[in-house]
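Asks: Have a look; sequence and predicted model below, questions after that.
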Amino acid sequence: MVVVHRALGFRIVIYTQDHEPAHVHVTGPGRAKINLLGPDGRPEVVDVVGIKKSDMRRLLTEVTEHRDRLIREWERIHGRAD
């Protein structure tokens, strides 16, 4: 597990032994999974457990703002999906 970003008291991580598609996990008081490239090209929430809706909106905004860097981190850890 590599912590690639911190925001709002949460850690945004990429697991080194994970699978496609490129995504991050949010851990803290609750957990979530966010695909970095949804069908419309923006990050999409896949799963949320125990995170308030208001926090999740702010976390999704945070991931969206840092998406390109997070994709580069995913590719550094897992290689490009070409």
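Replies: Here it is on my side, so go on.
Asks: Please identify the buried residues of stretch 27-36?
Replies: The neighbour-count check on stretch 27-36 (16 or more other CB atoms under 10 Å) flags 28, 32, 34-36 as buried. From N, CA and C alone the C-beta is placed, and that goes for glycine too.
Asks: in terms of contact, does Thr16 touch Met1 like I think?
Replies: Yes - counting by CB atoms under 8 Å, Thr16 touches Met1, with 6.9 Å between them.
Asks: Compare those two (neighbour count), which wins?
Replies: Taking neighbours as other CB atoms under 10 Å, Thr16 and Met1 compare with Met1 leading, 12 against 9.
Asks: Please name the residues that touch the more buried one.
Replies: Neighbouring residues of Met1 by CB atoms under 8 Å, 6 or more residues apart in numbering: 13-16.
Asks: measure it to Lys52 for me?
Replies: 23 Å (CB to CB, to the nearest Å).
Asks: can you give me the helices in this protein?
Replies: Ranges of helices within the chain are 53-65, 67-78, based on DSSP state H.
Asks: Okay, now the unreliable bits of the protein?
Replies: Across the chain, the ranges flagged by pLDDT under 70 are 81-82.
Asks: Grab the most central residue of it for me.
Replies: What sits nearest the mean C-alpha location of the chain, by CA atoms, centre = their mean, is Val24, with 2.7 Å.
Asks: can the helices of the chain go into JSON lines with extra columns for distance to Gly9?
Replies: Below are those laid out as JSON lines (distance: least, CB to CB, whole Å):
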{"stretch": "helix 53-65", "distance to Gly9": "8"}
{"stretch": "helix 67-78", "distance to Gly9": "18"}
